[in-house]
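dropping a prediction and its sequence here:
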Amino acid sequence: MAGRTGPPAWVIAASVLVVLVAFVAGQQIGGRTDPATPNGATGTPFAASGAASTDITNMTPEEAASRLFDRVMRYGSEGKADSAAMFAPMAIMAYERVGTIDAHVRYDVGSISVVIGDAAPAAAQADTILADQPNHLLGLLLATKAADLRSDAAGAARFRSRLISAAPAERAKGLTEYSDHQQDIDDALKSPATRP
């Protein structure tokens, strides 16, 4: 069809599902261990620490998204870019199945994009957060990271400045997403680039 690029969305979704099922089956049948899993436990995308396996059919979309998010973040922090890139689409799809797409979910999805070096989706999530809540700390933080990825120093500096200015009043709101990502916010505010 004219103007159409890439395969249909259902083909992509089916492909990711096949990869996920194949990975889980391979881990179960082969009994291989994931070196990133503590105590040599059998690794699955959804395995809890020290658990041999988890029944993904009993997991809520929020739990599945959280497990995959943690795995992508861990691989990113360990410098395992290929592994992070493999799990990133699964994590994003899991978030798409979560009922309410709020600022917290958008930050998590945008953070996955940052880990795999994809600035455009990260910036889009930040823009959506900030369009609704211009001083939202996670929106400002994500916008800063996206600008850094694009090597947009001026843009990153503007978002950092807004982050510093907004932090006292926003933190006083006691939002759950601020406590869940307190370390991210603290690190950004302590960074030399964010000091006035």
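Cool, the structure landed. Keep in mind it's a predicted model, so treat the numbers as computed, not measured.

which residues does Ala122 contact?
Gly110, Ser111, Ser113, Val114, Leu142, Lys145, Ala146, Leu149 (C-beta atoms under 8 Å, 6 or more residues apart in numbering). C-beta: built from backbone N, CA, C; applies to glycine.

identify the farthest-apart pair in the residues you listed.
Maximum pairwise distance in those, criterion C-beta to C-beta, is 11.7 Å, between Ser111 and Leu149.

more neighbours: the two, which one.
Shown here are Ser111 and Leu149; by other C-beta atoms under 10 Å, Ser111 has more neighbours (22 against 17).

would you confirm that that one contacts Ser77?
No. Between Ser111 and Ser77 there is no contact under C-beta atoms under 8 Å: 11.7 Å.

quick check: Tyr107 vs Ala172, distance?
19 Å (C-beta to C-beta, to the nearest Å).

quick one, which of these two is more surrounded?
Neighbour totals were compared for Tyr107 and Ala172, and Tyr107 leads with 24 against 9 (other C-beta under 10 Å).

where does that one fall, secondary structure wise?
Using DSSP states H and E, Tyr107 maps to helix 103-115.

ok, now how distant is Ser179 from Lys173?
Using C-beta to C-beta, Ser179 is found at 11 Å from Lys173.

er, Ala147 actually
Taking C-beta to C-beta as the measure, Ala147 falls 24 Å from Lys173.

higher neighbour count, the two?
Comparing Ala147 with Lys173 by other C-beta under 10 Å, the one with more neighbours is Ala147, at 22 against 10.

the more buried one is in what secondary structure piece?
With DSSP H and E as criterion, Ala147 is part of helix 137-149.

likewise for Val72?
Going by DSSP H and E, Val72 is part of helix 61-77.

next: Phe159.
Per DSSP H and E: Phe159 is located in helix 153-171.
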